[in-house]
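A.B. asks: Fold the following.
(chains A and B)
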Amino acid sequence: MAKGLDVGTMNIVCAEKEADTIVFTQQRNAFLELDASELTKSMLDAARVLYVQKDDKFYILGDDAFKFANVFKRPVRRPMKHGIISPEEKESIPIIKLLIERILGAPSKYNEILYMSSPADPIDLNVNVLYHKKTMEALTKRLGYETYVIDEGLAVVYSELSKYGFTGIGISIGAGLTNVTVAYMATPVVSFSIAKGGDWIDEQVAIATGLTKERVTAIKEREFSLEQEFELGSVEGALSIYYDALITYIVQNLKRKLAEVTPPEAEFPIAIAGGSTKPKGFLELFERRLTEAKLPIDISKIKMAQEPLYSVARGCLIAALTREGSEVPE
Amino acid sequence: MNIRAKYYFASLTFLAGIILSIIGIGYATFIHLSRISNPFDIRLTYGLIGVGLFVTLAGLNAMIRGRLNVSSYITALGVTLASIGVVAFLLSYPENWKYPNVTYIVATYACGICVLVGNAFAKVILNLIEEKSKVKEEISEEEIEKVIDESLKRVVEFSETTLRFRDVSTEGFKPGKAFMFDRGKTIKVRDEVSEVEELKRIRGERVEIRDEEVEDATKLLKETIKKKEGKFWR
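C.D. replies: Below you'll find the model as predicted:
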């Protein structure tokens, strides 16, 4: 059975079909380094913490890395930055490989079809995603999968806009990047990414309030809502300011890119997905900023993905199942 | 109102105008309308034709795509002027159908018609200019370079799929106990993934092109670019 994989800056999510359900397996794309000792080892084993040991270091992987980071007040290390393999982390590729191996599991048959998401080239950062794309492709191929790569935004279109003939705009607001794809009948018209996402919000709020980035992330993911009024100077107040700034930035860049192309005459619904869209009131704020921006195309509807965090992986799974069930090669 | 609904509404308005005009002309022929005919017949006939004409033009205006919002206000102005003309005619004929009322009424109606015709003409001209500028943009040097860049990027992406790499070594990493059984947080969602069939259908509708056609198109593009700017293919 085919699989879909979303390799994000913050989360790695695998989607696979099981009878009439989809099974999503998710793990944080992060690790924390600790000094190795017998006492720590027995403690980690007893607590069933996901870790690996190399020389005199323990590398705590995934969600547990965040938990320990908050306890020890130490920053987690991230194998990816701005949606691609981080050049600042020398351990990034082995760690990603270990995480992907765990999440993806072994293929049920040799050359099982796998669709994997990849970011588009950012328009506001001098970065090319080719290296990341090819490295990830090679990693999964070594595991025995027949890997294909699609744009993250297109995966959102596949997952959320089937009712509209796969025509519309898929936006995935992740941790490192925001990916946008304008598609017409399942074919991308324009794809781009913006080098700002949830991480940028966390960083700016951490700088503004003096908290650690991990603490800001925890507050944002646990209790933050854009529908409330916050005290000036509070963490939540800073979060709402930077959320608004991010949304405005995304909408303005979308308007700019749409002005460069000639989209077909059609109605374009918008689907928004990604882990950074979780706060309540996000959709309403996005809708307000979009209405103010007056895009040069007809926007018929703005909808939030049913499962924002899993939408990209689901879109990849749809592409994989379509390819698996189709005899006509693309 | 969405694009499709707008277009249907415009088409129906246009059709309604034509039908009203035809009924008016048909009725005039049927009753052998002349200047000594019954005033009711004259009012009915010219009323129908008068309304039919501006409704047709209003439909036409709505059917022509225009980028300026002001054009819809101009259409509304034309419709209003022509409507005033028709209503004034119906109210004043035959008792008050004399100078200067005739002049005012006819001038108002004529102004309305002129505004509608002028607006439609302006929209067509603006669309033509826009199309021409688009064609010019398409073959601009910058655009050609962009097309070449995009093509090269795709060639690079596809060619590298055949590369072989040595596996990343993770031999030095000793897994902890949980590593063997913990795949990560797992959730199950009831989902038939009905999108797959829809995507297959849409992909099936794509036009398949023979290799020779692509080659012909490539040759044609090459020649066009050569003519435009020889430096790219030297």
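A.B. asks: Pretty sure B:Val193 is one of the things A:Ile22 touches, is it not?
C.D. replies: Yes: the criterion here is Cβ atoms under 8 Å, and A:Ile22 meets it with B:Val193 at 6.7 Å. (Each C-beta comes from the backbone N, C-alpha and C, glycine too.)
A.B. asks: These two - which one has more neighbours?
C.D. replies: Taking other Cβ atoms under 10 Å in any protein chain shown, A:Ile22 and B:Val193 do not tie; A:Ile22 has more neighbours (23 against 19).
A.B. asks: contacting residues for the nearest residue to the more buried one once chain neighbours are set aside?
C.D. replies: Leaving aside its chain neighbours, A:Ile22 sits nearest to B:Asp191 (4.5 Å; criterion: Cβ to Cβ, 6 or more residues apart in numbering or on different chains). Shown in contact with B:Asp191 (Cβ atoms under 8 Å, 6 or more residues apart in numbering or on different chains): A:Asp20, A:Thr21, A:Ile22, A:Arg314.
A.B. asks: where does the last one land on pLDDT?
C.D. replies: If I follow you right, that is A:Arg314. pLDDT for A:Arg314: 96.
A.B. asks: Give me the distance between the residue in chain B that chain A sits nearest to and A:Tyr184.
C.D. replies: Nearest residue of chain B to chain A, counting by Cβ to the nearest Cβ: B:Gly184, 3.5 Å away. Distance, B:Gly184 to A:Tyr184, by Cβ to Cβ, to the nearest Å: 35 Å.
A.B. asks: where does chain B dip in pLDDT?
C.D. replies: Across chain B, the ranges flagged by pLDDT under 70 are B:1-3, B:67-68, B:132-163, B:205-234.
A.B. asks: B:Gly184 and A:Tyr184: who's more crowded?
C.D. replies: Using other Cβ under 10 Å as the criterion, B:Gly184 and A:Tyr184 rank with B:Gly184 on top: 20 against 17.
A.B. asks: Thought A:Phe24 was touching that one, still the case?
C.D. replies: No: under the criterion of Cβ under 8 Å, B:Gly184 is not in contact with A:Phe24, lying 9.3 Å apart.
A.B. asks: any idea which helix is longest in chain B?
C.D. replies: helix B:101-138 (DSSP state H).
A.B. asks: if I pick A:Ser172, what's in contact with it?
C.D. replies: A:Glu152, A:Gly153, A:Ala155, A:Val156, A:Thr178, A:Asn179, A:Val180, A:Ala273, A:Gly274, A:Ser311, A:Val312 are the contacts of A:Ser172 under Cβ under 8 Å, 6+ apart.
A.B. asks: isn't the fifth one right up against A:Phe192?
C.D. replies: Which is A:Thr178. No: contact criterion Cβ under 8 Å: A:Thr178 and A:Phe192 do not qualify, at 9.4 Å.
A.B. asks: higher neighbour count, these two?
C.D. replies: Comparing A:Thr178 with A:Phe192 by other Cβ under 10 Å, the one with more neighbours is A:Thr178, at 31 against 23.
A.B. asks: what residues are up against that one?
C.D. replies: By Cβ under 8 Å, 6+ apart, the residues touching A:Thr178 are A:Ile171, A:Ser172, A:Ser193, A:Ile194, A:Lys196, A:Gly197, A:Leu246, A:Ile250, A:Gly274.
A.B. asks: Any quick PyMOL command for the buried ones out of the residues you listed?
C.D. replies: In PyMOL syntax, the buried subset of these is picked out as below (16 or more other Cβ atoms under 10 Å in any protein chain shown):
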select buried, chain A and resi 171+172+193+194+196+197+246+250+274
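A.B. asks: Narrow the contacts of A:Thr178 to those in helices?
C.D. replies: Counting by DSSP H, the contacts of A:Thr178 place A:Leu246, A:Ile250 in helices.
A.B. asks: closest to chain B among the contacts of A:Thr178?
C.D. replies: Proximity of the contacts of A:Thr178 to chain B (Cβ to the nearest Cβ) peaks at A:Ser193, which lies at 15.0 Å.
A.B. asks: For whatever residue of chain A ends up closest to chain B, which residues are in contact?
C.D. replies: Closest contact between chain A and chain B, by Cβ to the nearest Cβ, is at A:Gln27 (3.5 Å). A:Gln27 is in contact with A:Asn11, A:Ile12, A:Leu50, A:Leu61, A:Gly62, A:Asp63, A:Leu99, A:Arg102, A:Ile103, B:Arg183, B:Gly184, B:Lys185, counting by Cβ under 8 Å, 6+ apart.
A.B. asks: Just name the lowest-scoring one in those residues, pLDDT-wise.
C.D. replies: For the contacts of A:Gln27, the pLDDT minimum is B:Arg183, 77.
A.B. asks: Is it in a helix, a strand, or coil?
C.D. replies: Assigned state for B:Arg183: coil (three-state reduction, DSSP: H, G, I helix; E, B strand; the rest coil).
A.B. asks: Now the residue nearest the centre of chain B. Nearest residue, chain neighbours left out?
C.D. replies: By Cα atoms, centre = their mean, the mean C-alpha position of chain B lies nearest to B:Arg65, the distance being 5.3 Å. If you skip the residues right next to it in sequence, B:Arg65 has B:Asn127 as its closest partner in space, 6.4 Å away by Cβ to Cβ, 6+ apart.
A.B. asks: tell me which strands and helices the longest helix of chain B is in contact with?
C.D. replies: With contacts taken as 3 or more Cβ pairs under 8 Å, 6 or more residues apart in numbering or on different chains; DSSP states H and E, helix B:101-138 sits against helix B:39-63, helix B:70-92.
A.B. asks: Can you tell me which of those helices is packed in deepest?
C.D. replies: helix B:39-63 (a mean of 20; mean count of other Cβ atoms under 10 Å in any protein chain shown).
A.B. asks: Quick check: phi and psi on B:Phe173?
C.D. replies: Main-chain dihedrals, B:Phe173, degrees, to the nearest 10: phi -90, psi 120.
A.B. asks: what sits against it?
C.D. replies: Counting by Cβ under 8 Å, 6+ apart, B:Phe173 makes contact with A:Val52, A:Gln53, A:Lys54, A:Tyr59, A:Pro94, A:Leu98.
A.B. asks: Please list which of those also come close to chain B.
C.D. replies: Residues of those in contact with chain B (Cβ under 8 Å from any Cβ of the partner chain): A:Val52, A:Gln53, A:Lys54, A:Tyr59, A:Pro94, A:Leu98.
A.B. asks: so of the residues you listed, which ones are in helices?
C.D. replies: Short answer: the ones next to chain B among the contacts of B:Phe173 in helices (DSSP H) are A:Pro94, A:Leu98.
A.B. asks: Out of the ones next to chain B among the contacts of B:Phe173, which end up buried?
C.D. replies: The neighbour count (16+ other Cβ under 10 Å) marks A:Val52, A:Gln53, A:Lys54, A:Tyr59, A:Pro94, A:Leu98 as buried among the ones next to chain B among the contacts of B:Phe173.
A.B. asks: Could I get those in a markdown table, plus columns for distance to B:Ile84 and pLDDT?
C.D. replies: Rendered in a markdown table, the data for those read as follows (distance: Cβ to Cβ, whole Å; pLDDT from 0 to 100):
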| residue | distance to B:Ile84 | pLDDT |
| --- | --- | --- |
| A:Val52 | 84 | 89 |
| A:Gln53 | 89 | 90 |
| A:Lys54 | 87 | 87 |
| A:Tyr59 | 82 | 90 |
| A:Pro94 | 81 | 88 |
| A:Leu98 | 79 | 88 |
